[in-house]
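Asker: Quick one: sequence plus predicted model below, questions after.
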Amino acid sequence: MVYKKILLLAASVFVIIIFFSVDFYNDWLESKVLNAFGYSDKATEWDLFDFQIKHLGIEERRAARLGSTYSFCQTMKDFLHDEHEQNPLILLPSQEYMKANGINILIPEPIVLYYESGLKGAWTNSANVSKCNWTVVPDGKGSVVPVKITNKEQLNVIIAEFNKYKQ
(Lines give C-alpha, C1' and ligand atoms only; values in the text may rest on other atoms or scores of the structure.)
Protein backbone atom coordinates (compact mmCIF):
# COMPACT_ATOMS: atom_id res chain seq x y z
CA MET A 1 0.00 0.00 0.00
CA VAL A 2 2.78 2.44 0.93
CA TYR A 3 4.66 1.35 -2.18
CA LYS A 4 1.69 2.38 -4.39
CA LYS A 5 1.48 5.81 -2.74
CA ILE A 6 5.18 6.46 -3.22
CA LEU A 7 4.97 5.29 -6.84
CA LEU A 8 1.97 7.58 -7.50
CA LEU A 9 3.77 10.52 -5.88
CA ALA A 10 6.85 9.95 -8.01
CA ALA A 11 4.73 9.62 -11.17
CA SER A 12 2.88 12.86 -10.32
CA VAL A 13 6.09 14.80 -9.76
CA PHE A 14 7.48 13.41 -13.02
CA VAL A 15 4.36 14.48 -14.96
CA ILE A 16 4.50 18.00 -13.46
CA ILE A 17 8.19 18.33 -14.36
CA ILE A 18 7.51 17.18 -17.93
CA PHE A 19 4.50 19.55 -18.15
CA PHE A 20 6.51 22.63 -17.16
CA SER A 21 9.40 21.59 -19.42
CA VAL A 22 7.26 22.53 -22.43
CA ASP A 23 8.22 26.09 -23.44
CA PHE A 24 4.67 27.43 -23.50
CA TYR A 25 3.88 26.27 -19.94
CA ASN A 26 7.33 27.20 -18.67
CA ASP A 27 6.83 30.77 -19.98
CA TRP A 28 3.43 30.91 -18.27
CA LEU A 29 4.95 29.70 -14.98
CA GLU A 30 7.68 32.33 -15.11
CA SER A 31 5.44 35.24 -16.13
CA LYS A 32 2.35 34.52 -14.00
CA VAL A 33 3.74 32.80 -10.93
CA LEU A 34 7.40 33.56 -10.47
CA ASN A 35 7.39 37.19 -11.69
CA ALA A 36 3.99 38.19 -10.31
CA PHE A 37 5.41 40.80 -7.95
CA GLY A 38 7.43 42.71 -10.55
CA TYR A 39 10.91 41.67 -9.54
CA SER A 40 13.73 42.74 -11.80
CA ASP A 41 15.37 40.32 -14.19
CA LYS A 42 18.34 40.05 -11.83
CA ALA A 43 16.29 38.26 -9.17
CA THR A 44 16.54 34.50 -9.13
CA GLU A 45 13.46 32.31 -9.26
CA TRP A 46 14.05 31.35 -5.64
CA ASP A 47 14.02 35.04 -4.59
CA LEU A 48 10.67 35.51 -6.31
CA PHE A 49 9.19 32.41 -4.75
CA ASP A 50 10.55 33.34 -1.33
CA PHE A 51 9.03 36.84 -1.59
CA GLN A 52 5.63 35.42 -2.53
CA ILE A 53 5.69 32.94 0.33
CA LYS A 54 6.32 35.77 2.78
CA HIS A 55 3.47 37.88 1.35
CA LEU A 56 0.46 35.59 1.33
CA GLY A 57 -2.05 38.02 2.87
CA ILE A 58 -5.28 38.48 0.96
CA GLU A 59 -4.88 42.25 0.65
CA GLU A 60 -1.26 41.91 -0.48
CA ARG A 61 -2.22 39.43 -3.18
CA ARG A 62 -5.13 41.61 -4.35
CA ALA A 63 -2.91 44.69 -4.53
CA ALA A 64 -0.26 42.79 -6.51
CA ARG A 65 -2.82 41.30 -8.88
CA LEU A 66 -5.17 44.26 -9.42
CA GLY A 67 -2.60 47.05 -9.24
CA SER A 68 -3.09 50.77 -8.82
CA THR A 69 -6.86 50.83 -9.33
CA TYR A 70 -7.30 48.53 -6.36
CA SER A 71 -5.06 50.75 -4.24
CA PHE A 72 -7.07 53.82 -5.31
CA CYS A 73 -10.37 52.12 -4.47
CA GLN A 74 -9.18 50.96 -1.06
CA THR A 75 -7.77 54.41 -0.24
CA MET A 76 -11.12 56.00 -1.09
CA LYS A 77 -12.98 53.39 0.91
CA ASP A 78 -10.78 53.93 3.97
CA PHE A 79 -11.03 57.72 3.70
CA LEU A 80 -14.82 57.73 3.43
CA HIS A 81 -15.10 55.24 6.27
CA ASP A 82 -13.00 57.55 8.45
CA GLU A 83 -15.29 60.44 7.46
CA HIS A 84 -18.32 58.35 8.56
CA GLU A 85 -19.93 59.00 5.18
CA GLN A 86 -23.17 57.13 4.54
CA ASN A 87 -23.90 56.07 0.93
CA PRO A 88 -21.31 58.16 -0.89
CA LEU A 89 -21.59 58.59 -4.64
CA ILE A 90 -18.25 59.58 -6.13
CA LEU A 91 -18.00 61.67 -9.29
CA LEU A 92 -15.06 60.19 -11.18
CA PRO A 93 -12.97 62.32 -13.56
CA SER A 94 -11.88 60.99 -16.91
CA GLN A 95 -8.39 59.68 -17.49
CA GLU A 96 -7.81 62.50 -19.99
CA TYR A 97 -8.55 65.06 -17.26
CA MET A 98 -6.03 63.39 -14.97
CA LYS A 99 -3.33 63.30 -17.65
CA ALA A 100 -3.93 66.97 -18.51
CA ASN A 101 -3.37 67.84 -14.84
CA GLY A 102 -0.16 65.80 -14.56
CA ILE A 103 -1.65 62.95 -12.56
CA ASN A 104 -0.35 59.48 -13.34
CA ILE A 105 -3.02 57.58 -11.42
CA LEU A 106 -5.37 55.22 -13.18
CA ILE A 107 -8.92 56.19 -12.18
CA PRO A 108 -11.20 53.14 -12.30
CA GLU A 109 -14.52 52.92 -14.07
CA PRO A 110 -17.58 53.14 -11.79
CA ILE A 111 -18.23 49.40 -11.97
CA VAL A 112 -14.61 48.62 -11.08
CA LEU A 113 -14.81 51.05 -8.15
CA TYR A 114 -17.89 49.23 -6.90
CA TYR A 115 -16.37 45.78 -7.45
CA GLU A 116 -13.11 46.56 -5.66
CA SER A 117 -14.42 48.72 -2.79
CA GLY A 118 -18.21 48.62 -2.63
CA LEU A 119 -18.37 52.37 -3.32
CA LYS A 120 -20.70 53.76 -5.97
CA GLY A 121 -19.25 55.97 -8.64
CA ALA A 122 -20.52 57.98 -11.59
CA TRP A 123 -19.17 59.75 -14.63
CA THR A 124 -20.35 63.13 -15.82
CA ASN A 125 -22.64 61.49 -18.37
CA SER A 126 -24.26 59.09 -15.88
CA ALA A 127 -27.95 59.32 -15.06
CA ASN A 128 -27.30 59.71 -11.34
CA VAL A 129 -24.61 62.40 -11.59
CA SER A 130 -26.84 64.93 -9.82
CA LYS A 131 -26.69 62.80 -6.66
CA CYS A 132 -22.87 62.81 -6.41
CA ASN A 133 -21.61 64.02 -3.06
CA TRP A 134 -17.84 63.34 -3.43
CA THR A 135 -15.24 63.66 -6.16
CA VAL A 136 -11.48 63.44 -6.55
CA VAL A 137 -9.40 66.34 -7.83
CA PRO A 138 -5.67 66.93 -8.33
CA ASP A 139 -3.86 68.36 -5.32
CA GLY A 140 -1.11 70.05 -7.34
CA LYS A 141 1.54 67.62 -6.05
CA GLY A 142 0.98 64.76 -8.48
CA SER A 143 -1.75 63.08 -6.48
CA VAL A 144 -5.49 63.36 -5.93
CA VAL A 145 -7.58 64.32 -2.92
CA PRO A 146 -11.21 63.53 -2.16
CA VAL A 147 -13.45 66.61 -2.05
CA LYS A 148 -16.96 66.72 -0.58
CA ILE A 149 -19.56 68.26 -2.88
CA THR A 150 -21.77 70.42 -0.71
CA ASN A 151 -24.20 72.04 -3.18
CA LYS A 152 -25.49 71.88 -6.75
CA GLU A 153 -23.49 74.93 -7.87
CA GLN A 154 -20.23 73.31 -6.83
CA LEU A 155 -21.31 70.09 -8.58
CA ASN A 156 -22.13 71.97 -11.80
CA VAL A 157 -18.71 73.71 -11.78
CA ILE A 158 -16.93 70.38 -11.30
CA ILE A 159 -18.98 68.71 -14.04
CA ALA A 160 -18.23 71.59 -16.42
CA GLU A 161 -14.49 71.24 -15.69
CA PHE A 162 -14.55 67.45 -16.16
CA ASN A 163 -16.56 67.76 -19.40
CA LYS A 164 -13.78 69.77 -21.03
CA TYR A 165 -11.96 66.44 -21.45
CA LYS A 166 -12.93 63.28 -23.28
CA GLN A 167 -14.67 60.68 -21.09
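Answerer: Now that the structure is in, tell me what you want to look at.
Asker: pretty sure residue 166 contacts residue 93?
Answerer: No. Using CB atoms under 8 Å, residue 166 makes no contact with residue 93, being 11.3 Å away. Yep, even glycine has a C-beta here, placed from its N, CA and C like the rest.
Asker: Which one's more surrounded, these two?
Answerer: Set side by side, residue 166 and residue 93 show more neighbours around residue 93, with 23 against 8, by other CB atoms under 10 Å.
Asker: who's in contact with the residue positioned nearest the centre of the chain?
Answerer: The chain has residue 70 as the residue nearest its centroid, 2.5 Å off, counting by CA atoms, centre = their mean. Going by CB atoms under 8 Å, 6 or more residues apart in numbering, residue 70 touches 62, 63, 116.
Asker: Check which helix or strand it maps to.
Answerer: helix 68-82 (DSSP states H and E).
Asker: and that helix, which residues are buried?
Answerer: Buried residues in helix 68-82, counted by 16 or more other CB atoms under 10 Å: 69, 70, 72, 73, 74, 76, 77, 80.
Asker: Kindly report the same for stretch 106-125.
Answerer: For stretch 106-125, by 16+ other CB under 10 Å, it's 107-108, 110, 112-113, 116-117, 119-124.
Asker: Hmm, residue 107 and residue 68 touching each other?
Answerer: No. When contacts are counted by CB under 8 Å, residue 68 is not listed as touching residue 107 (9.6 Å).
Asker: Parallel or antiparallel, list what pairs with the helix or strand that comes right after the helix holding residue 70.
Answerer: The C-terminal neighbour of helix 68-82 among helices and strands, as given by DSSP H and E, is strand 89-91. Using DSSP bridges, the strands paired with strand 89-91 in its sheet are strand 120-122 (parallel), strand 134-138 (parallel).
Asker: Thank you, goodbye.
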